[in-house]
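Colleague: predicted coordinates and the sequence they were generated for:
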Amino acid sequence: MMTSIIGIDIGGTTVKIGIMDPDGHIMDKWEIPTNHANNGAYIIPEIWQSVSQKLDSTAVIKGIGIGAPGFIDSSTGYVYEAVNIGWKNVALADELQTISGLPVFVANDANAAVLGENWKGAGENARNLIALTLGTGVGGGLIVNGDMVDGENGMAGEIGHTTIDPDGYLCNCGRRGCLETVASATGMVRQAMEKMEKKPNSPLVSRYKQNGTMTTKDIFELADAGDESCEEIVAYTADILGLIIANIATITNPSKVLIGGGVSQAGEDFVKLIDAAFSRYALKRVRHICELKTARLGNDAGMIGAAFLVRQRLDHLTF
């Protein structure tokens, strides 16, 4: 009889669900819409309804792991606030455990993705690792001496909210000059909009008028074509990321740095620029043993990492 683990990644648009074997191999996966109605009150019961429809009577499920957005106490599975799905003071682990009858373990979604990437992805079970996810924002996570760093109230590893310019752009967190105001997809587009104001006849402006919008894909394509403004945006963004990684690496001394998310998919050239900046700023002894790589699990990282939570917390059981 096959023993399984359920891994769940709750996002603002969809909930990704996977049934995995104890070694993290996905046997089945699917998505359901994230129901925002009534401040997300239906998300938990709809998750279990969807899961229970997939299970047969012979299924042996050891537990459920969940990666969820927001501010989370991973020791209790309590979500203090997850703005993008409407949650505030939700006892996620307790509620799902009550309706499922299974052990439930919860982590912040970014941390879950880091655990997944380290378990089955590019991390290759590194004991000391830094991970950055470059998307609409900048997510992050730290593994130190084999353990995910949560901090006193779950805020450790919020790399995207490292200050790079105290007088910089206003961030959604309420502070100014956070890394994600520059190095995220949103931040890079913001840089492009400023460039367009200064150079109204640039290819950037032509592309913007043609498409009616601006994306990081446009920025990287124009940079590859030799547009000076876009080359400057890409170079500056890579330089800032390299500097931040070097500073964090001085504190945590990792063997690997993983770069993931949509922006990282711009190509190896962008990752090489980040790596070069990291080399410029890092202490030689730190840099010497540290490898910078592109993450490889994509959208599956969160649910695989959620499944790893079950393995991690129930390692005293036989799988």
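Modeller: That came through fine.

Colleague: CA only for contacts and neighbour counts going forward, please
Modeller: Fine.

Colleague: let me see the ranges of the helices in the chain.
Modeller: Using DSSP state H, the helices found in the chain span residues 37-40, 43-54, 92-100, 109-120, 180-183, 185-198, 203-211, 216-224, 228-252, 268-281, 284-288, 301-313.

Colleague: can you say which of these is nearest to residue 86?
Modeller: Shortest distance between residue 86 and the helices of the chain, using CA to CA, is found for helix 37-40: 4.3 Å.

Colleague: ok, the residue most central in space within the chain - contacts?
Modeller: The residue lying closest to the centre of the chain (CA atoms, centre = their mean) is residue 110, at 3.9 Å. Contacts for residue 110 (CA atoms under 8 Å, 6 or more residues apart in numbering) come out as 67, 69, 133, 139, 140, 141, 302.

Colleague: which residue packs closest to the second one, ignoring adjacent ones?
Modeller: Nearest residue to residue 69 in three dimensions, chain neighbours excluded: residue 109, at 5.2 Å (CA to CA, 6 or more residues apart in numbering).

Colleague: show me the shaky parts of the protein.
Modeller: Scanning the chain for pLDDT under 70 picks out 1, 316-319.

Colleague: distance across stretch 76-88, terminal residue to terminal residue?
Modeller: End-to-end distance for stretch 76-88, by CA to CA, to the nearest Å: 15 Å.

Colleague: with just CA atoms, put stretch 133-152 into CSV.
Modeller: What follows is stretch 133-152, C-alpha atoms only, in CSV (Å, rounded to 0.1, in the frame of the first residue of the first chain):
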residue,chain,number,x,y,z
THR,A,133,12.6,34.6,-6.2
LEU,A,134,12.4,37.5,-8.7
GLY,A,135,8.8,37.9,-9.7
THR,A,136,6.2,40.6,-9.1
GLY,A,137,8.0,41.1,-5.9
VAL,A,138,11.2,39.7,-4.5
GLY,A,139,10.8,36.7,-2.3
GLY,A,140,13.6,34.9,-0.4
GLY,A,141,14.6,32.4,2.1
LEU,A,142,17.6,31.2,4.1
ILE,A,143,18.7,27.8,5.1
VAL,A,144,21.4,27.8,7.8
ASN,A,145,23.1,24.6,9.2
GLY,A,146,20.3,22.6,7.5
ASP,A,147,17.4,24.5,9.0
MET,A,148,15.1,27.1,7.5
VAL,A,149,15.6,30.4,9.3
ASP,A,150,12.2,31.7,10.5
GLY,A,151,13.2,34.3,13.1
GLU,A,152,11.3,35.3,16.2
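
Colleague: list the contacts of that stretch.
Modeller: Against stretch 133-152 from outside (CA under 8 Å, 6+ apart): 74, 110-111, 114-115, 126-132, 156-160, 179-181, 183-186, 252, 254, 259-264.

Colleague: mind listing what's buried along it?
Modeller: 133-144, 148-150 (16 or more other CA atoms under 10 Å).

Colleague: in strands, which of those appear?
Modeller: 133, 134, 138, 139, 140, 141, 142, 143, 144, 148 (DSSP state E).

Colleague: separation between the last one and residue 123?
Modeller: In other words, residue 148. Where residue 123 is concerned, residue 148 sits at a distance of 13 Å (CA to CA).

Colleague: could you dump the helices of the chain to TSV with distance to residue 16?
Modeller: As requested, the helices of the chain are arranged in TSV below (distance: least, CA to CA, whole Å):
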stretch	distance to residue 16
helix 37-40	16
helix 43-54	10
helix 92-100	16
helix 109-120	11
helix 180-183	25
helix 185-198	22
helix 203-211	31
helix 216-224	25
helix 228-252	29
helix 268-281	27
helix 284-288	36
helix 301-313	7
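
Colleague: out of these, the one nearest residue 173 is which?
Modeller: Of all the helices of the chain, helix 180-183 comes closest under CA to CA, at 10.4 Å.

Colleague: what does the closest one contact?
Modeller: Residues contacting helix 180-183 (CA under 8 Å, 6+ apart): 134, 137-138, 160-161, 169-171, 186-188, 190-191, 237-238, 240-241.

Colleague: among these, name the buried ones.
Modeller: Here, 16+ other CA under 10 Å leaves 134, 137-138, 160-161, 169, 171, 186-188, 190-191, 237-238, 240-241 buried among the contacts of helix 180-183.

Colleague: thanks a lot, catch you later.
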